[in-house]
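Asker: generate a structure from the sequence data that follows.
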Amino acid sequence: MKKTLFAFTVIILSKFNAQTWKTEDQYIQKFAAYAVEEMEKYQIPASITLAQGLLETGGGQSRLAQQGNNHFGIKCKEDWTGKTMSHTDDAPNECFRVYDDPKESYEDHSKFLKYRKYYQNLFTLDMKDYKAWAHGLKKAGYATNPRYAYILIDKIEKYRLYEFDNTNSKEALFTVLKLYPDLRNDKVFMAQMDQSQVRTKPLTVRVPYEQTSYAKQQQRVEKIKSDAELLQTILVKSHPNGNRKFIVVPADTDLSFIANKFKISESRLMKWNELSATRLQKNDVLFLETKSSEGNTKTYKAQVGETMHDISQKFGIKLSKLYSKNRMSYGEQPRVGQLIYLQQKKPRS
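Answerer: Numbers count the residues shown, from 1 in each chain. The predicted model follows:
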């Protein structure tokens, strides 16, 4: 007797082939929903908030954003009792606020505008008139750059950020999808969306009952979501050694997920990063292009526990070149405090 087959309708996240988005596109995709939430709570146009975030952080790349989750350059002031960090802005080593999460930075920015007397006139403006808000911010003294309002307007119009002024927090990700339709093929992004609301027809797959179960299906979906949330936190950075593109892996994961996200083959990533395994560890540095033949500094002293591979990743130099410059055998590891040559070859003793 033939085994009975049961039809299970499962949401299959399509094969991941998202393009390598530019830094500012990544920022919009990641933080637009925060700006919309703030608009609902504090009546500040989401387009304005998002444009300011883009400008202040350089598309999420600023030191304040990456180390302090501070997306709007808000300084400590006398009423701040939270964490702080020093950063040179208008003057050396000024005190800036540090947040546990970027979302806190977004809300603090909203409160900064809402409750300071200098900006009260902004809230008499039409919330959908981003141009009036941009000029109002400049008039209120938010920035010293005489072109500040026009810079905000340019960003809003370049990326169509005004679309977020006409949405709500429940629909914010759909607005992102409207602006970036290719994200429909990006399982990282799609996994964020409530699967019951996805407006694409799910793929129906007939699966033998004996080969699976509802619990296994749920485990599989949860695993995909977990990996997707992990990847969504990644931003591409530029290394000081020749501005080569790299990422810092936010948690343990497989190389295949990184390869899929950036449309780079696993074999290339393994070659460029001299990897012997496809399992990546949290805080690993991973280059998205080939490294340099020399470092951007002359020498470096090896730290406790550092391998030659660690040093090659830290300075963006090919591992084979690093061994050659230091007249070391491949596989040999440095001693603590050993002087490692990154540009010229180690002098013969």
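Asker: element containing residue 155?
Answerer: helix 148-158 (DSSP states H and E).
Asker: who are the packing partners of that helix?
Answerer: Counting contacts by 3 or more CB pairs under 8 Å, 6 or more residues apart in numbering; DSSP states H and E, helix 148-158 packs against helix 46-57, helix 130-139. Heads up, the C-betas are built off the backbone N, CA and C, glycines and all.
Asker: next, the angle from the first one to helix 130-139.
Answerer: Looking back up the chat, that one is helix 46-57. Orientation check (axes from the mean of the first three to the mean of the last three CA atoms, to 10 degrees): helix 46-57 against helix 130-139 gives 50 degrees.
Asker: now the angle from helix 46-57 to helix 148-158?
Answerer: Using the same axes, to 10 degrees, helix 46-57 lies at 110 degrees relative to helix 148-158.
Asker: list the buried residues of the helix or strand just after helix 46-57.
Answerer: Counting by DSSP H and E, the next helix or strand C-terminal to helix 46-57 is helix 63-68. By 16 or more other CB atoms under 10 Å, the buried positions in helix 63-68 come out as 64-65, 68.
Asker: how about helix 63-68 as PDB, C-alpha atoms only?
Answerer: Coordinates of each C-alpha in helix 63-68 appear next as PDB, following Å, rounded to 0.1, in the frame of the first residue of the first chain:
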ATOM      1  CA  ARG A  63      32.700  55.700  15.100                       C
ATOM      2  CA  LEU A  64      29.900  57.100  17.300                       C
ATOM      3  CA  ALA A  65      27.400  54.800  15.600                       C
ATOM      4  CA  GLN A  66      29.500  51.700  15.600                       C
ATOM      5  CA  GLN A  67      31.000  52.000  19.100                       C
ATOM      6  CA  GLY A  68      28.400  53.900  20.900                       C
END
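Asker: mind listing the strands for the stretch 1-150 of the chain?
Answerer: Assigned by DSSP state E, counting those that start in this stretch, the stretch 1-150 of the chain shows strands spanning 5-9, 84-87, 94-97.
Asker: neighbours of residue 95, how many?
Answerer: Using other CB atoms under 10 Å, residue 95 is surrounded by 13 other residues.
Asker: and residue 139, by the same measure?
Answerer: Residue neighbour count, defined by other CB under 10 Å, stands at 12 for residue 139.
Asker: so what's the residue nearest the centre of the chain closest to, chain neighbours aside?
Answerer: The residue lying closest to the centre of the chain (CA atoms, centre = their mean) is residue 235, at 3.1 Å. Nearest non-adjacent residue to residue 235, counting by CB to CB, 6 or more residues apart in numbering: residue 60, 5.2 Å away.
Asker: re the thing from before, for the helix holding residue 155, buried residues please.
Answerer: Result for helix 148-158 [16+ other CB under 10 Å]: buried residues 148-149, 151-153, 155-156.
Asker: want to throw those into CSV with distance to residue 139 and pLDDT?
Answerer: Shown next, in CSV, are the buried residues of helix 148-158 (distance: CB to CB, whole Å; pLDDT from 0 to 100):
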residue, distance to residue 139, pLDDT
148, 10, 92
149, 8, 93
151, 15, 93
152, 13, 95
153, 14, 94
155, 19, 94
156, 17, 94
